[in-house]
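J.: Give me the fold of what follows.
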Amino acid sequence: MVVLTHERIYGGTMQQGYFAVIDTETTGLFPGGHDRIAEIAIVTLDRRGVVVDRWETLINPGRDLGKQSLHKIQARDILEAPTFADIADEISWRLSGTVVTAHNLSFDARFLDAEFRRAGQPLPDFYFPRGLCTMRMAHEYLPGAGRSLQDCCDSFGIALENAHCAGDDAEATAVLLSRYMELDAQLSDWDILLNEATSTGWRHDPPAQLFPPAMRSTGAREGQHFLERIVVSMPEYTGPAEHEEYLALLDRALLDSYLSAHEEALLVQTANELGISRSQAAILHAQYFNEVVAAAWSDGVLTVDEMQDLEKIAVLLQVSPDALEAARQPREVRVPSGPGNADKESDSSFRSPLQPGDMVVLTGDMSKPRDDIEGHLRDAGYVPHRAVTKKVKLLVAADPDSLSGKARKARDYGIPVVGEDYLWRALANVPDHNANLATR
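T.: Coordinates of the predicted model:
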């Protein structure tokens, strides 16, 4: 694919006419309500059917991401992404003088119209009605085919590698449009639309500020480890009290063996406020890791699940490979004191802040229906609650980096925000709950 610069496409050569093939990923289905765009892509296609540019970015919607199992956008990826208002000028400039095209254009058009109006920059009324919808065009060019983008692409053998990724969906749609043009190469409507769009462009100069696109992460965490963001050298006035405060925060953050971006930022902020340098933090991380290892070996056995947890924590805290290898070596058994010693089958390294009667709030699109999860919570002796108050003990989020109102409120109150996996582990460690499940 030949990729042209913004200036070559949107500067002097726009007069030849281009199709702007768009795709959006959204938090839901209702643009007139509280749902927002979370990702947008614009693929530029020329009259020959050649893709000449692809631009895409994640967008911070200012709310939770909705059904993440569908679009697979992670909340940590959009924390530093631009808002729609930030990039409204650039999107308007990129669309100006083009024929907008999408697969199910009415869906993307409704969301873009709502976002532009919310940003106080509505597009010209003629723009979307004059666009092309490759889904509707399939009735003419692919009679009998299904309506989905995948089905239409399959008819031509067009590769669609990552469905529900705005960039890949938009590029597949662009190729689909080019195949339509090949089937009807002499149709004058293509040129009529392009000429009309070019003559009615409303922006010719790029905006003064272009925000760098925010992209999806590619699996492994990208960027600087949070430990490296702690000040290397600073006046050290720390002591046991400061260390204990940092370790307590670390204990809360690692309840679910995961560090969200919010938790990382809070750890960095706390270390810097307490005067804990990077070298001191590394020592505290090693101390914390050793405590978790000792807890895992407290029953004399290190299970596969426990070892996997230790491996996760070692990565999160940048613990040395030697320390992780040492964690595999048997430790002295610690016999729990007092009545009701832990059952051997329970996860001895699992740490839960929950007690019977504690209130738990859920947020986000979980793997099971909300009512079912709340039923499991009640069976285990916990109280599912629909609102976050200071009395709530735990917030379980589909994505621990969620920007939902519930998640923001929980962080304000200092309530731990954990992932769904943690919830099922917590329930698995409740004997009465396991008995209830066995009788169902």
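
J.: so what's the backbone phi/psi at E25?
T.: The phi and psi values for E25, taken as degrees, to the nearest 10, are phi -110, psi 130.

J.: gap between it and I415?
T.: Relative to I415, E25 is positioned 29 Å away (criterion: Cβ to Cβ, to the nearest Å). In this view, the C-beta of every residue, glycine as well, is placed from N, C-alpha and C.

J.: Then V100?
T.: Separation of V100 from I415 (Cβ to Cβ) stands at 44 Å.

J.: any low-confidence regions in the stretch 1-150 of the chain?
T.: Where the stretch 1-150 of the chain drops to pLDDT under 70, the residues are 1-16.

J.: Please report phi then psi for S298.
T.: Dihedral angles (degrees, to the nearest 10) for S298: phi -60, psi -20.

J.: Could you tell me how many residues sit around it?
T.: Applying other Cβ atoms under 10 Å, we find 17 residues neighbouring S298.

J.: Quick check: pLDDT value at it.
T.: Looking at S298, its pLDDT reads 82.

J.: again with P206
T.: In this model, P206 is scored at 92, pLDDT.

J.: could you pull out the strands for the stretch 51-200 of the chain?
T.: Listed in chain order, the strands of the stretch 51-200 of the chain (DSSP state E, counting those that start in this stretch) span 51-58, 98-102, 132-133.

J.: Nearest approach to L176 belongs to which of the ones you listed?
T.: With respect to L176, and counting by Cβ to Cβ, the nearest of these is strand 98-102 at 9.3 Å.

J.: on contacts alone, who are the packing partners of that closest one?
T.: strand 18-26, helix 105-118, strand 132-133, helix 166-183, helix 189-199 (3 or more Cβ pairs under 8 Å, 6 or more residues apart in numbering; DSSP states H and E).

J.: tell me the most buried of these?
T.: Comparing these by mean neighbour count (mean count of other Cβ atoms under 10 Å), strand 18-26 comes out on top with a mean of 26.

J.: wait, D77 sits on A261?
T.: No - no contact is recorded between D77 and A261 when judged using Cβ atoms under 8 Å, the distance being 9.1 Å.

J.: Contacts only, for R386.
T.: Contacts for R386 (Cβ atoms under 8 Å, 6 or more residues apart in numbering) come out as V361.

J.: what about the most centrally placed residue in the chain, distance to G32?
T.: By Cα atoms, centre = their mean, the chain has its centre lying nearest to Q74, at 1.3 Å. Distance of Q74 to G32, given as Cβ to Cβ: 27 Å.

J.: Also G419?
T.: G419 is 31 Å from G32, by Cβ to Cβ.

J.: Pretty sure I40 sits in a strand.
T.: Yes - the assignment for I40, made by DSSP: H, G, I helix; E, B strand; the rest coil, places it in a strand.

J.: you'd agree it is up against A20?
T.: No - look at I40 against A20 with Cβ under 8 Å: they stay out of range, at 11.2 Å.

J.: Tell me, domain by domain, which residues of the protein belong where.
T.: In terms of domains, the chain is parsed into 6-199, 224-338, 352-440 (source: automatic domain parsing).

J.: Tell me which of these sits nearest to M215.
T.: Each of the domains of the chain was scored for nearness to M215 using Cβ to Cβ, and the closest is domain 6-199 (6.8 Å).

J.: Compare neighbour counts for G419 and G32 and give me the winner.
T.: More neighbours surround G419 than the other of G419 and G32, with 20 against 9 (other Cβ under 10 Å).

J.: quick one: the helices in the stretch 201-350 of the chain?
T.: 240-253, 261-274, 278-296, 304-316, 321-327 (DSSP state H, counting those that start in this stretch).

J.: ok so, going back, make CSV from the strands of the stretch 51-200 of the chain and add distance to D86 to it.
T.: Shown next, in CSV, are the strands of the stretch 51-200 of the chain (distance: least, Cβ to Cβ, whole Å):
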stretch, distance to D86
strand 51-58, 10
strand 98-102, 21
strand 132-133, 28
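
J.: Just name the most buried of these.
T.: The most buried stretch of the strands of the stretch 51-200 of the chain, if neighbours are counted by mean count of other Cβ under 10 Å, is strand 98-102, with a mean of 25.

J.: Now do that strand and strand 18-26, the angle between them.
T.: Using axes from the mean of the first three to the mean of the last three Cα atoms, to 10 degrees, one finds that strand 98-102 and strand 18-26 are set 40 degrees apart in direction.

J.: Going forward, count from 47.
T.: Sure thing, new numbering starts at 47, so read that last one as strand 144-148.

J.: Give the pairing partners of strand 144-148; include direction for each.
T.: Each strand pairing with strand 144-148, determined using DSSP bridges, is listed with its direction: strand 64-72 (parallel), strand 178-179 (parallel).
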